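Peer 1: how would this look folded up:
(chains A and B)
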Amino acid sequence: KAGVTQTPRYLIKTRGQQVTLSCSPISGHRSVSWYQQTPGQGLQFLFEYFSETQRNKGNFPGRFSGRQFSNSRSEMNVSTLELGDSALYLCASSRRGMIAESTDTQYFGPGTRLTVL
Amino acid sequence: AQSVTQLDSQVPVFEEAPVELRCNYSSSVSVYLFWYVQYPNQGLQLLLKYLSGSTLVKGINGFEAEFNKSQTSFHLRKPSVHISDTAEYFCAVIPNQAGTALIFGKGTTLSVSS
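Peer 2: Numbering: from 1, shown residues only, chains lettered A, B, ... in the order given. Prediction:
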């Protein structure tokens, strides 16, 4: 079956702009998580959505937001872009997501590389 | 709080040599453990995972890892590497409690040369 897809694959924006990234999970997966990957900080968790609700959130400013639609597709938005937001943004999907005693495995998409100039 | 330490940032090896990528974790609760691989300009691909049961876990592409609870380690091994194994490898844990995310190590770059 098809894997996790992310669009666009590459984006170039300037400081102060906003950007929206999209993620389509594996069919049947209801949980979508977003991660930011940078050379300095590595992979960091942004937030998780499950059944259209944000269920968990990492330690990122409010400029980072997201939403999930009824078909489980998710979008991530970053407003007022800063140079430090340049990163690879990865989306991962799983069936149940971050619940107690979860043995759910997250499957990652190819990522969207955002460059902020 | 939980943390993951990958002890080597870069591991250069020759083709057909064995390799071990080391991972240690710290957690006050039980965890599930994962190894992911990332090829250039790609996302993360799951290599293997330890959830319970046998401490020796076999994954894709000939990789295996052993969970050692007393040493809080989950080292990744392959008896004979190929050029195509050149990639970045991430060890990750997820605590066995509600509302927690994958916690990743900083990654180990495996460079295989002929």
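Peer 1: any idea which helix or strand in chain A has the lowest mean pLDDT?
Peer 2: Scoring the helices and strands of chain A by mean pLDDT, DSSP states H and E places strand A:53-57 at the bottom, with a mean of 88.
Peer 1: could you say what helices and strands the helix or strand following it packs with?
Peer 2: Using DSSP states H and E, the helix or strand that directly follows strand A:53-57 along the chain is strand A:64-68. On a contact count with 3 or more Cβ pairs under 8 Å, 6 or more residues apart in numbering or on different chains; DSSP states H and E, strand A:64-68 meets strand A:42-50, strand A:53-57, strand A:74-78. The way it works is simple: take the backbone N, C-alpha and C, and place the C-beta from them, glycine included.
Peer 1: how about the residue most central in space within chain A: what's its closest non-neighbour residue?
Peer 2: Centroid-nearest residue in chain A: A:Trp34, 2.7 Å away (criterion: Cα atoms, centre = their mean). Nearest residue to A:Trp34 in three dimensions, chain neighbours excluded: A:Leu46, at 4.1 Å (Cβ to Cβ, 6 or more residues apart in numbering or on different chains).
Peer 1: correct me if wrong: the one you found contacts A:Cys23.
Peer 2: No: using Cβ atoms under 8 Å, A:Leu46 makes no contact with A:Cys23, being 11.4 Å away.
Peer 1: pick out whichever of the two has more residues nearby.
Peer 2: A:Cys23 (27 against 22; other Cβ atoms under 10 Å in any protein chain shown).
Peer 1: for chain A, what are the nearby residues on chain B?
Peer 2: Applying Cβ under 8 Å from any Cβ of the partner chain, we find that chain B lies next to chain A at B:32, B:34, B:36, B:41-46, B:49, B:51, B:90, B:92, B:94, B:96-107.
Peer 1: which residue ranges form the helices in chain B?
Peer 2: In order along the chain, chain B carries no helices (DSSP state H).
Peer 1: can you name the residues that contact the closest residue in space to B:Leu102 that isn't next to it in sequence?
Peer 2: Leaving aside its chain neighbours, B:Leu102 sits nearest to B:Ala92 (4.7 Å; criterion: Cβ to Cβ, 6+ apart). For B:Ala92, the contact set (Cβ atoms under 8 Å, 6 or more residues apart in numbering or on different chains) comprises A:Leu43, B:Val4, B:Leu33, B:Phe34, B:Trp35, B:Tyr36, B:Leu102, B:Ile103, B:Phe104, B:Gly105.
Peer 1: and of those, the nearest to A:Asn71?
Peer 2: Closest approach between those and A:Asn71, by Cβ to Cβ: B:Leu102, at 24.0 Å.
Peer 1: so the closest one makes contact with B:Phe90?
Peer 2: No: contact criterion Cβ under 8 Å: B:Leu102 and B:Phe90 do not qualify, at 9.3 Å.
Peer 1: neighbour count: those two, which is higher?
Peer 2: Taking other Cβ under 10 Å, B:Leu102 and B:Phe90 do not tie; B:Phe90 has more neighbours (25 against 22).
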